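A.B. asks: Based on what follows, work out the 3D shape:
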Amino acid sequence: MHIWKEAIKSSKIEWTKTEFDDLFIEDFEKTIEEKNDTIEVQNYIKSLNFWIKELKNTPLSFRLFSQIHKILLDWARWKNKNPWDIRRSQNWIWWTSLKNAFFIPPHKDDLSDLISDFENFLHNDYLEIPELIKIAIAHYQFETIHPYLDWNWRIWRLMIILYLIEKRIISKPVLYISDFFERNRWAYYDALTVARDSNDINHFIKFFLTWIIETCKSSLNTFSEIIRLKKDIDEKILWFWSKSENINKIMKYLYSKPIVSSKELVLVLWAAPAIVNSLIKLLIENWVLNEVTWFKRHKIFVFENYVKLFR
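C.D. replies: The predicted structure is shown next:
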């Protein structure tokens with residue numbers, strides 16, 4: 001659920017319109033544009049899961065970044081963005097050309113040395129720098145190098161989370177990095193500009209640390225609310241049905257996928273539709289599930305009090 005929220009927030013920054021609930025809606029109910037936006041979010045989720053798995057064998061590096069870049073752009077409408085490849089031409093950040101660009105990254109001929117310097121810094125264990133400050137500086141380096149033709153921003157947001165996991169500061173990707181960024185993007189751009197124009201990296205580091213602090217507070221608050229909700233349900237509902245293995249199976253499934261169909265729960269429980277429907281009715285009566293469609297078939301049910309913690 002945390003990965004899904006981060007994926008949606010990160011994609012919104014890049015102007016996709018996917019909302020949290022859209023991930024659970026069947027494709028046949030979506031427009032072509034909605035399908036494309038959903039694919040982008042799903043690719044972000046795939047890339048993060050792939051990255052976590054690969055971290056066991058491969059340290060953070062541009063070889064890994066490029067594999068992630070390919071997964072992120074694994075869709076026809078992005079094939080012109082050179083998935084996988086370090087850029088071989090000049091790019092710029094805003095607006096329409098190099099003449100009026102907000103920022104022009106280094107020339108393509110300088111990328112090899114800059115990338116090597118970046119990787120050496122990232123894995124230099126002799127530097128006595130706290131990890132959060134080190135990733136702040138590395139993040140600034142990556143963003144300034146802007147090594148890919150496009151979608152650099154998604155890579156560095158993933159990189160922050162994965163670096164914290166690699167260094168065992170966190171064990172799972174539970175920080176909503178993109179949430180703070182979406183609300184404070186102009187302050188972020190200002191911090192980058194101050195560092196570049198005034199050689200004041202301290203200003204950017206302070207901004208970055210504020211970013212991490214606020215993000216941690218948000219994640220902790222979500223965890224507290226999840227624990228409170230689970231305790232409330234366990235005490236008021238599940239104790240009465242504690243002998244029902246099927247109820248417990250449904251609840252466990254709902255915490256990982258809180259928007260479901262009755263057909264889906266039939267497969268989860270390997271039970272007859274009549275049994276599943278009676279259990280769904282029980283959960284609706286006890287305010288655990290809400291029905292959000294009113295058709296005889298393809299009914300969708302939402303664990304609303306849980307979903308709203310992530311919206």
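
A.B. asks: any idea how far residue 230 is from residue 273?
C.D. replies: Using C-beta to C-beta, to the nearest Å, one gets 28 Å for the distance from residue 230 to residue 273. The C-beta positions use only the backbone N, C-alpha and C, and glycine is treated the same way.

A.B. asks: who's more crowded, these two?
C.D. replies: residue 230 (14 against 11; other C-beta atoms under 10 Å).

A.B. asks: what's near enough to touch the more buried one?
C.D. replies: Applying C-beta atoms under 8 Å, 6 or more residues apart in numbering to residue 230 gives the contacts residue 255.

A.B. asks: What strand or helix carries it?
C.D. replies: Element membership for residue 230 (DSSP states H and E) is helix 201-233.

A.B. asks: any low-confidence regions in the protein?
C.D. replies: Scanning the chain with the threshold set as pLDDT under 70 gives 13-18, 20-32, 34, 75-84, 238-243, 294-298.

A.B. asks: Let me see the ranges of the strands in it.
C.D. replies: According to DSSP state E, the chain carries its strands in the segments 259-261, 290-291, 300-302.

A.B. asks: Reformat those strands as a markdown table; add mean neighbour count and distance to residue 174.
C.D. replies: A markdown table is the format used below for the strands of the chain (neighbours: other C-beta atoms under 10 Å; distance: least, C-beta to C-beta, whole Å):
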| stretch | mean neighbour count | distance to residue 174 |
| --- | --- | --- |
| strand 259-261 | 19 | 20 |
| strand 290-291 | 14 | 26 |
| strand 300-302 | 21 | 22 |
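
A.B. asks: any chance of these in CSV, with distance to residue 168 too?
C.D. replies: Converted to CSV, the strands of the chain look like this (distance: least, C-beta to C-beta, whole Å):
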stretch, distance to residue 168
strand 259-261, 33
strand 290-291, 39
strand 300-302, 35
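
A.B. asks: and of the ones you listed, who's closest to residue 45?
C.D. replies: strand 259-261 (15.3 Å; C-beta to C-beta).
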